[in-house]
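**Q** Would you be able to build a 3D model of this:
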Amino acid sequence: MKILQLLIAAIVIASPPLLAQQAFDEGKAGFTVSLAGVDNDYRTLAIYVLPGEKTRLRSASVREVSIAAGELAQLSPLEWQWQAPATPGLYPLELRAANNRRMLINAFVMHPASAVKNGYLGQYRIGSYPQTPMRGLDSYLPPRGFVEVTPENFATPVSPHFTLGQFICKQETRGRNKYVVLRPELLLKLERILQETNARGFRSDSFVIMSGYRTPYYNRAIGNKTQYSRHVYGGAADFYIDESPRDGVMDDLNGDGRVDKRDAAFLYSLVEQLSRQQGWPHRGGLGEYGATASHGPFVHVDSRGYRARWGH
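**A** Okay, the predicted model is just below:
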């Protein structure tokens with residue numbers, strides 16, 4: 001018996017990788033590329049362009065660019081220009097730097113907003129957007145286009161730890177597909193928050209996105225009277241951590257044995273601390289919400305372009 005105990009102890013000591021939790025991978029590429037209005041240093045990011053639109057990519061590190069379709073031109077040793085195909089769809093670009101470092105840009109060619117007729121895009125009801133942007137900000141202009149979400153692209157990564165399907169609107173549709181609007185700056189913000197929550201010991205490979213994009217029609221249907229909600233512009237996410245246990249509600253982040261608004265407050269405070277650090281991506285809103293009969297506590301973040309706080 002003593003020999004057996006010693007053998008078991010030896011196996012446990014010799015096998016820590018099997019017992020330890022896998023470390024969080026931040027998903028960094030090791031170099032930075034400027035494109036679509038953001039500076040990206042993640043291995044994966046999605047951008048959203050119109051048919052035939054030209055997008056410039058600038059980096060001191062990139063040595064080669066490969067495209068799935070469209071036209072590519074190198075404008076200088078530091079800059080490339082990609083012209084999107086005329087047909088909506090997903091067209092990946094691969095950027096390669098020294099030492100085999102790579103970055104995947106999942107470029108979605110959108111259906112132009114002009115394709116919306118009487119509030120519908122195909123059989124999917126979009127509704128209507130205000131024509132005057134709030135505060136005169138470009139971030140509140142009506143979307144230029146919409147990404148068609150299909151069973152084939154539903155799981156496409158839009159950043160290292162988030163997928164396209166996590167952000168679709170909850171409204172029902174008579175057709176096969178839905179449409180979504182997303183902004184790269186929102187994904188960069190969510191990635192930075194996820195990185196910090198893992199650094200604080202809350203191991204998670206993603207957040208639960210309770211609400212991402214909302215069509216103006218759906219936003220009104222659920223009783224939201226704010227026509228300028230960041231959700232309708234693809235620049236907001238209501239989210240929470242659900243890992244231990246995975247039960248559909250926020251985890252007990254503050255360790256008091258309960259799941260309530262205090263856990264949302266804990267996450268809110270973490271994001272607020274991050275927002276004061278140098279390099280915080282894109283100023284925006286931060287809100288804290290408690291549980292109701294229909295949902296648990298959660299936190300809202302957005303990239304509206306100016307600071308806003310509520311609920312804390």
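**Q** need the helices for the stretch 1-150 of the chain, in chain order.
**A** Along the stretch 1-150 of the chain, counting by DSSP state H, counting those that start in this stretch, helices occupy 2-14, 16-19.
**Q** Compare these and say which comes out lowest on pLDDT.
**A** Mean pLDDT per stretch puts helix 2-14 lowest among the helices of the stretch 1-150 of the chain, at a mean of 38.
**Q** how about the strands in the stretch 101-250 of the chain?
**A** Secondary structure of the stretch 101-250 of the chain (DSSP state E, counting those that start in this stretch): strands at 102-109, 111-112, 120-121, 124-125, 145-149, 157-159, 162-163, 178-180, 208-211, 236-240.
**Q** Turn the ones you listed into CSV, including mean neighbour count.
**A** Yep, even glycine has a C-beta here, placed from its N, CA and C like the rest. Shown next, in CSV, are these (neighbours: other Cβ atoms under 10 Å):
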stretch, mean neighbour count
strand 102-109, 22
strand 111-112, 16
strand 120-121, 18
strand 124-125, 22
strand 145-149, 24
strand 157-159, 22
strand 162-163, 20
strand 178-180, 24
strand 208-211, 19
strand 236-240, 24
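**Q** Take those strands and write them to CSV, including mean pLDDT and distance to residue 201.
**A** Rendered in CSV, the data for those read as follows (pLDDT from 0 to 100; distance: least, Cβ to Cβ, whole Å):
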stretch, mean pLDDT, distance to residue 201
strand 102-109, 98, 29
strand 111-112, 98, 43
strand 120-121, 96, 43
strand 124-125, 96, 41
strand 145-149, 98, 34
strand 157-159, 98, 22
strand 162-163, 98, 21
strand 178-180, 97, 33
strand 208-211, 98, 18
strand 236-240, 98, 17
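**Q** for this protein, what helix or strand is lowest in average pLDDT?
**A** Sorting the helices and strands of the chain by mean pLDDT, DSSP states H and E puts helix 2-14 at the bottom, at a mean of 38.
**Q** Between the two ends of stretch 201-208, what distance do you get?
**A** Taking Cα to Cα, to the nearest Å as the measure, stretch 201-208 stretches 17 Å from start to finish.
**Q** got it, and stretch 135-146?
**A** End-to-end span of stretch 135-146 (Cα to Cα): 23 Å.
**Q** if I've got this straight, residue 274 is in a strand?
**A** No. Secondary structure of residue 274 (DSSP: H, G, I helix; E, B strand; the rest coil): helix, not part of a strand.
**Q** And for it, the neighbour number?
**A** Using other Cβ atoms under 10 Å, residue 274 has 19 neighbouring residues.
**Q** Pull the distance from stretch 45-59 to the chain's centre.
**A** Here stretch 45-59 shows a centroid-to-chain-centroid distance of 17 Å under the convention Cα atoms, centre = their mean, to the nearest Å.
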